[in-house]
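Colleague: need coordinates for the below:
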Amino acid sequence: MMLAAAVPQPFSSKIHQGCATGPPSAAPHTAQPFNCVSWTLPEERFVAELQRTAYSSGVALLRDLGVNVPLANIKRLFDRIYTNPAIIDRLNALYPKRGIFKDAALRGETTIMNTVIDRKVPFDLSHARMMALAQDPETISELGPDFQPVLEFFRTVEQDMIPRLNRVNSFLAGIDLSPFHMDKNYNYRCIDYFPVECEAGHSSLLPRCGEHRDYGTFTLIFQDQIGGLECKLGDTWIPVPAGEVVLMWGWCSSIVSNDRIKAALHRVVAAPTSHGQGQGQVRVVPRRTTAVFFVAPDTTAPLRPVLKAPGEPCNYDLGLMESLTVAQFKNVIGKKWRRREGSDLDPEEDVGDRFASQDQAVEYYLRGGI
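Modeller: Below you'll find the model as predicted:
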């Protein structure tokens, strides 16, 4: 069970300067439902633990990273942008296709095309968006001194974490995935789940992030100490401990591995506290801040399951997937999350609009069901 690089390179000094996020290291086998995996494990055991996790829940808690997540910088960055709305317009004008700063929830919008908008503000910094932003140094300057530490964090994660995880994922999928990740189809995302108040007894709080599975290879979520992230294990939604660094796999890994790797169904719910008394009591959903790193295959990469064992039944309709690319698959399931984030205002029906969930779209288009 050995991969090309048996021992991972340690993090750079930049990432070692901080304190580890989350609780202290625990043994990989814990009583809680999510497997905790230490980054410092020998490679063979590290792979075995992630294999056990990927093939069961699709969610792992990574420990002993020694990473200082710049959450305070991210909060100040959002606050700076909120106080100068002109920056939002300039950012989104640089990447008009999908936007950079997705503020639909702040504008008071609650639905788009019958889709409930998440109560969050994503700030997306994919490579394409970064190239566009690099052409406008004035806007970069207006983002202030907290922007560069955030970029440095993501770049360090890309350099020191992503290569190891990509190697492991190739082993788990049963195929060398490096030729399908040449273009670095990554997205750096900062998310501000702004605080919300409502009267006690009010039960119609909108979701902070609707339930979904990520479309790509895998996702890293660096959380603050405010809870709300949940993953569905079996028929039960299980809260993910706050402060943990979460690794979860997405649809592309699940499909390529013929469902050996599980794509984690997850959501972010409101975790309100209360103040006041009686009828004047107010429930407050506190502010939550996360840094998220998305990894996906190249958009031109073919998307087909790999069968590891002779006679292994295929869970997908290979005829339907004969020429399917990652970009085409993303188009099938992407409409829903874009509308949840308020970045797709196209009133025309899309293939993804025909189904109540991503799972139904996958069942129809890739498995030949429904």
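
Colleague: distance of V47 relative to N35?
Modeller: With distances taken as C-beta to C-beta, to the nearest Å, V47 is found 13 Å from N35. For the C-beta atoms, the positions are set from N, CA and C on the backbone; glycine is no exception.

Colleague: try V326
Modeller: 28 Å.

Colleague: among these two, which residue is more densely surrounded?
Modeller: Neighbour tally, V326 and N35, criterion other C-beta atoms under 10 Å: the higher count belongs to V326, 23 against 19.

Colleague: surely that one and T300 touch.
Modeller: Yes - counting by C-beta atoms under 8 Å, V326 does reach T300; the two are 7.3 Å apart.

Colleague: so what's R213 closest to, chain neighbours aside?
Modeller: Spatially, and ignoring its direct neighbours in sequence, R213 is nearest to A263 (4.2 Å; C-beta to C-beta, 6 or more residues apart in numbering).

Colleague: what's the first-to-last distance across stretch 296-308?
Modeller: Across stretch 296-308, the terminal residues are separated by 22 Å (C-alpha to C-alpha, to the nearest Å).

Colleague: buried ones in that stretch, by neighbour count?
Modeller: A296, P297, D298, A301, L303, R304, P305 (16 or more other C-beta atoms under 10 Å).

Colleague: go on, stretch 63-79?
Modeller: 63-65, 67-71, 73-78.

Colleague: what of stretch 49-65?
Modeller: So for stretch 49-65, counting by 16+ other C-beta under 10 Å, buried means 49-51, 53-54, 57-65.

Colleague: tell me the centre residue of the chain?
Modeller: When C-alpha atoms, centre = their mean is applied to the chain, the residue found nearest the centroid is T219 (4.6 Å).

Colleague: what mean pLDDT does stretch 148-157 get?
Modeller: Across stretch 148-157, the average pLDDT comes to 96.

Colleague: with only the CA atoms kept, save that stretch in PDB.
Modeller: Written as PDB, here are the backbone C-alpha positions of stretch 148-157 (Å, rounded to 0.1, in the frame of the first residue of the first chain):
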ATOM      1  CA  GLN A 148      -2.300  39.000   1.400                       C
ATOM      2  CA  PRO A 149      -2.200  36.800   4.600                       C
ATOM      3  CA  VAL A 150      -5.300  35.100   3.300                       C
ATOM      4  CA  LEU A 151      -3.700  34.400  -0.100                       C
ATOM      5  CA  GLU A 152      -0.500  33.200   1.500                       C
ATOM      6  CA  PHE A 153      -2.500  30.700   3.600                       C
ATOM      7  CA  PHE A 154      -4.300  29.200   0.600                       C
ATOM      8  CA  ARG A 155      -1.100  29.100  -1.400                       C
ATOM      9  CA  THR A 156       0.700  27.300   1.400                       C
ATOM     10  CA  VAL A 157      -2.100  24.700   1.700                       C
END
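
Colleague: report the distance from that stretch to the chain centre.
Modeller: 17 Å (C-alpha atoms, centre = their mean, to the nearest Å).

Colleague: span of stretch 265-284 from start to end?
Modeller: 26 Å.

Colleague: returning to that earlier point: for the helix or strand encompassing the residue nearest to the centre of the chain, name the packing helices and strands.
Modeller: In this assignment (DSSP states H and E), T219 forms part of strand 218-223. Here strand 218-223 touches helix 162-173, strand 245-249, strand 288-296, going by 3 or more C-beta pairs under 8 Å, 6 or more residues apart in numbering; DSSP states H and E.

Colleague: redo that, cut-off 10 Å
Modeller: Using 3 or more C-beta pairs under 10 Å, 6 or more residues apart in numbering; DSSP states H and E, the elements in contact with strand 218-223 are strand 59-63, helix 71-82, helix 147-160, helix 162-173, strand 185-193, strand 245-249, strand 266-268, strand 288-296.

Colleague: tell me the average confidence for the shortest one?
Modeller: Translated: strand 266-268. Here the average pLDDT along strand 266-268 is 94.

Colleague: output the below-cut-off pLDDT ranges for the stretch 101-250 of the chain.
Modeller: In the predicted model, the stretch 101-250 of the chain carries pLDDT under 70 at residues 108-115, 198-206.

Colleague: please redo it, this time with the cut-off set to 90
Modeller: Where the stretch 101-250 of the chain drops to pLDDT under 90, the residues are 103-119, 195-211.

Colleague: show me where the stretch 251-370 of the chain has helices.
Modeller: Secondary structure of the stretch 251-370 of the chain (DSSP state H, counting those that start in this stretch): helices at 251-256, 326-340, 358-365.

Colleague: coming back round to it: OK, contacts around the residue nearest to R213?
Modeller: 54, 58, 212-216, 218, 248-255, 257, 358-359, 362 (C-beta atoms under 10 Å, 6 or more residues apart in numbering).

Colleague: swap the cut-off to 7 Å and go again
Modeller: G58, R213, W249, G250, W251, S253, S254 (C-beta atoms under 7 Å, 6 or more residues apart in numbering).

Colleague: repeat for D298
Modeller: With C-beta under 7 Å, 6+ apart, D298 has these contacts: F180, H181, M182, D183, N185, V326.

Colleague: now it: phi and psi?
Modeller: phi -60, psi 140 (degrees, to the nearest 10).

Colleague: ok, now how distant is it from K330?
Modeller: 11 Å.

Colleague: what does L65 give?
Modeller: Applying C-beta to C-beta to L65 and K330 gives a distance of 29 Å.

Colleague: next one: V116
Modeller: V116 is 21 Å from K330, by C-beta to C-beta.

Colleague: and the two? Which one has more around it.
Modeller: K330 (21 against 13).

Colleague: now the more buried one. Nearest residue, chain neighbours left out?
Modeller: Nearest non-adjacent residue to K330 (C-beta to C-beta, 6+ apart): Y215, at 5.5 Å.

Colleague: residues contacting that neighbour?
Modeller: Contacts of Y215 by C-beta under 7 Å, 6+ apart are G250, W251, C252, A296, K330, I333, G334.
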